[in-house]
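**Q** Mind looking at a prediction? Sequence and model below.
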Amino acid sequence: MKRKTGQTKTVGFQFGIRRSFPVFAEEAWAFLFSEQGIEIWLGKLNQELALKEPFVTDKGIEGMIRVFKPQSHLRMAWKRRGWENTSTLQLRIISGKDKTTISFHQEKLLDEYQREEMKNHWKSVMDKLSASIKTLKE
């Protein structure tokens, strides 16, 4: 049986998006974990993000960071308000010569509809990050 777009062999569906920005990796990482950056990609928090500590955002995102490697990547449990399932979200920065790539990869999505929902969500997040990071260089 042929798998659908984004379907994995074992755990549902996945989606990934990446975009390059004209900043150094350190600048990208610092912005992503600033109050403004976190609010864009995760939501407003009433607490500090900490390894192995549950959090909930103002947008109803529940989660817990499982892996945190500064200047590189993180892996977290990520659940949207109203979802029955918890997905896995990875955020990664990849340093280039004169640019940095920011990557979001989400897996353990239930079906193609949830995958499409997240595709639209992460595209919107990337657009907001692009607009905000652009102002850093001005």
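**A** Looks like it came in fine.
**Q** Give me the distance between the residue nearest the centre of the chain and Lys97.
**A** Central residue of the chain (Cα atoms, centre = their mean): Phe104, 4.3 Å from the mean position. Using Cβ to Cβ, to the nearest Å, we find Phe104 at a distance of 22 Å from Lys97. Placement of C-beta: from N, CA and C, glycine included.
**Q** what's around Ile61, how many residues?
**A** Counted with other Cβ atoms under 10 Å, the neighbours of Ile61 add up to 19.
**Q** what about it, distance to Met126?
**A** Taken as Cβ to Cβ, the spacing of Ile61 relative to Met126 amounts to 17 Å.
**Q** Arg122 contacts Arg18, doesn't it?
**A** Careful, residue 122 is Trp and not Arg. No. Contact between Trp122 and Arg18 fails when scored by Cβ atoms under 8 Å: they sit 9.9 Å apart.
**Q** These two: which is more packed in?
**A** Between Trp122 and Arg18, counting by other Cβ under 10 Å, Trp122 is the more crowded of the two (21 against 14).
**Q** What distance do you get for the more buried one to Ser20?
**A** Taking Cβ to Cβ as the measure, Trp122 falls 15 Å from Ser20.
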